[in-house]
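[1] For reference, the sequence and a predicted model appear below.
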Amino acid sequence: MKKNIKKLLAFALSASILLVGCSSGGNEKQGTAKEENKTASAEQVLKIGATPEPHAAILESVKPALEKEGIKLDIQVFNDYVIPNTALEEKDLDANYFQHQPYLDEFNAQKGTHIVSAGTVHVEPMAVYSKKYTALSDLPEGATISLPNDPTNGGRALILLQKEGLIKLKDGAGLTATDKDIVENAKNFKFELLDAAQLPRTLDDVDASVINTNYALDAKLDHTKDALVVEDKESPYANIVAVREGETEDPRIQALMKALNSEETKKFIEETYKGAIVPAF
């Protein structure tokens, strides 16, 4: 009888120790899980839309600086000028970086969106390219020139052509001028309006094309060799980081702008793009 009692006591003691051990192991696992969750929650994600060149490349260059601030930059690449704004308005993005202020103003007016600038980063001088001619003066009578079909970039292209003496726009045409605002066209040029992203791809099919620098870079066009004329570097069309109204003071956005307007970014832009892109800060 005494032996049986001793065996029962020994068994109970062993079970007790085992339960304590299991409980301790569970607490350790819970503690580890809590630490992992704490680390995950400490890292903030900033989802930003951008066109490939130079915007996405510039954003990639500031990733390390933002990581030091505990911010993971999630770059979503787009190849058009509409979806990055609609995605931002619908809260699928936290910010975007691809456009200038005149384009944004026109977009808000047309679409009823509520998007504002968080700050400027760079200027992309627009240029005229051709695979058939080496000077604007060589363009023949009736030559076809393709332009961006969005209002502000199309107007910007026409203003450049007017500055170079190819056409004349009616007084007051402004930044949103269209081909219908042309009052003088001595050589009877024809204008083909295309989505900005399509312009480099259709360069073989026209006599000349006025192309935004980001799409020219993406198509490996060199403004120092391939352009017939380049827009003045004093252009007011500085590219901006855009956010929803009321979110310019978001700490993540503030950290992003600090990184994009840093000396390191200025050096990156100057050394990488050699004048095709100009810092605007």
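    Sure, I can see it.
[2] all contacts plus neighbour counts: C-alpha atoms, from now on.
    Noted.
[3] quick one: contacts of stretch 165-173?
    158-159, 161-162, 177, 181-187 (C-alpha atoms under 8 Å, 6 or more residues apart in numbering).
[4] So which bits of it are buried?
    Residues 166-169 are the ones in stretch 165-173 that count as buried (16 or more other C-alpha atoms under 10 Å).
[5] Now find how far off-centre that stretch is within its chain.
    For stretch 165-173, the separation from the chain centroid amounts to 31 Å (computed by C-alpha atoms, centre = their mean, to the nearest Å).
[6] Just the CA trace of it, in CSV.
    Output of stretch 165-173 as CSV, limited to C-alpha atoms (Å, rounded to 0.1, in the frame of the first residue of the first chain):
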residue,chain,number,x,y,z
GLY,A,165,8.8,79.4,-84.8
LEU,A,166,6.9,76.4,-86.3
ILE,A,167,3.4,77.6,-85.5
LYS,A,168,1.6,80.4,-83.8
LEU,A,169,-1.2,80.1,-81.2
LYS,A,170,-4.0,82.5,-80.7
ASP,A,171,-3.6,85.0,-78.0
GLY,A,172,-4.6,83.7,-74.6
ALA,A,173,-4.4,80.0,-75.6
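[7] mean confidence score for stretch 268-275?
    Averaged over stretch 268-275, pLDDT sits at 94.
[8] same deal with stretch 199-219?
    For stretch 199-219, mean pLDDT rounds to 95.
[9] I would like a ChimeraX command selecting only the buried ones among the contacts of stretch 165-173, please.
    Buried residues among the contacts of stretch 165-173 (16+ other C-alpha under 10 Å), as a ChimeraX selection:
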select :158,159,161,162,177,181,182
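[10] distance of the closest residue to residue 65 other than its chain neighbours from residue 58?
    Closest residue in space to residue 65, ignoring its immediate chain neighbours: residue 259 at 6.6 Å, by C-alpha to C-alpha, 6 or more residues apart in numbering. Distance, residue 259 to residue 58, by C-alpha to C-alpha, to the nearest Å: 10 Å.
[11] which neighbours do these two share?
    Overlap of the contact sets of residue 259 and residue 58 (by C-alpha under 8 Å, 6+ apart) consists of residue 265.
[12] If the spatially most central residue of the chain is in a bridge, with which residues?
    Centroid check for the chain by C-alpha atoms, centre = their mean gives residue 50 as the closest residue, at 2.5 Å. Note on residue 50: beta-bridge partners by DSSP bridges are residue 77, residue 97.
[13] Kindly state the pLDDT recorded for it?
    With respect to pLDDT, residue 50 scores 98.
[14] hmm, back to that, looking at the contacts of stretch 165-173, which two lie furthest apart in space?
    Using C-alpha to C-alpha, the contacts of stretch 165-173 span at most 19.4 Å, a distance reached by 177 and 187.
[15] which residue packs closest to residue 174, ignoring adjacent ones?
    Counting by C-alpha to C-alpha, 6+ apart, residue 174 lies nearest to residue 155, which is 7.4 Å off, once chain neighbours are set aside.
[16] isn't the one you found right next to residue 180, touching?
    No. With contact defined as C-alpha atoms under 8 Å, residue 155 does not reach residue 180; the gap is 10.8 Å.
[17] Looking at the two, which is more packed in?
    Taking other C-alpha atoms under 10 Å, residue 155 and residue 180 do not tie; residue 155 has more neighbours (22 against 9).
[18] Just want to check the distance between the more buried one and residue 194.
    Distance of residue 155 to residue 194, given as C-alpha to C-alpha: 13 Å.
[19] what's the answer for residue 270, then?
    The value you get for residue 270 to residue 194, if C-alpha to C-alpha is used, is 30 Å.
[20] what do you get for residue 82?
    14 Å.
[21] Please enumerate the helices of the stretch 1-150 of the chain.
    Under the criterion DSSP state H, counting those that start in this stretch, the stretch 1-150 of the chain contains helices at 2-42, 57-68, 83-89, 101-111.
[22] Quickly, which of those helices bottoms out on average pLDDT?
    When the helices of the stretch 1-150 of the chain are compared by mean pLDDT, helix 2-42 comes last with a mean of 43.
[23] Mind checking the pLDDT average for stretch 123-136?
    Confidence for stretch 123-136, expressed as mean pLDDT, is 95.
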